[in-house]
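# Sequence and predicted structure are below.
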Amino acid sequence: MRFWSTFLILCLYVGCTPKVSQDSLLYLNGYWEIKEVEFPDGNTKEYKVNTNLDYIKIDGLVGFRKKVQPKFDGTYITTDDAEPFRILREDETFALYYKNELSAWTERITSLSEDRFSVINEDNITYSYTRYVPINAKE
């Protein structure tokens, strides 16, 4: 009986998990704030304050990610460094493939909405982000 209960709960969880569609990939465009990292052993690290953001820009199935720092006037400090990636469909999900002169890695998108997304990397570490809402000190 316990097996069937566990099996049913797992089926409901998998069946109710929203799938990432190609149309929803456009939600990745913009500024993102890391909120939590979950490690394979179940431990988590929460980020309450972030001095750096991830800026993501995609065009079709290619894009880049770069680190930026928000300023109080609503602008951003940015560098010329950007990590280019390509997006590939893998079964029912999409993955971001990064490659630079030093390394290559993959992040699979596990959830994606207009104001949240999560990825899991090859080491089974899950990164959860929320869309950044700028603070405007001029008002």
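That came in fine, so what should we check first?
# Listing partners with orientation, what would you give for the helix or strand containing residue 67?
According to DSSP states H and E, residue 67 maps onto strand 62-70. Using DSSP bridges, strand 62-70 pairs in its sheet with strand 53-59 (antiparallel), strand 76-78 (antiparallel), strand 83-90 (antiparallel).
# So which bits of the last one are buried?
Neighbour-count burial for strand 83-90, with 16 or more other CB atoms under 10 Å as criterion, is recorded at 83, 85, 87. The way it works is simple: take the backbone N, C-alpha and C, and place the C-beta from them, glycine included.
# worst average pLDDT in the strands paired with strand 62-70?
Among these, strand 76-78 carries the lowest mean pLDDT, at a mean of 92.
# Provide the contact partners of that one at residue level.
With contact meaning CB atoms under 8 Å, 6 or more residues apart in numbering, strand 76-78 is reached by 31, 53, 55, 66, 67, 68, 69, 70, 71.
# Mind doing that once more with 6 Å?
Judged by CB atoms under 6 Å, 6 or more residues apart in numbering, the contacts made with strand 76-78 from elsewhere in the structure are 68, 69, 70.
# Most neighbours out of these, which is it?
residue 70 (18 neighbours; other CB atoms under 10 Å).
# what's downstream of the lowest-mean-pLDDT helix or strand in the chain, the next helix or strand?
Sorting the helices and strands of the chain by mean pLDDT, DSSP states H and E puts helix 2-16 at the bottom, at a mean of 44. Per DSSP H and E, the first helix or strand lying C-terminal to helix 2-16 is strand 30-38.
# Right, I'll call it a day here.
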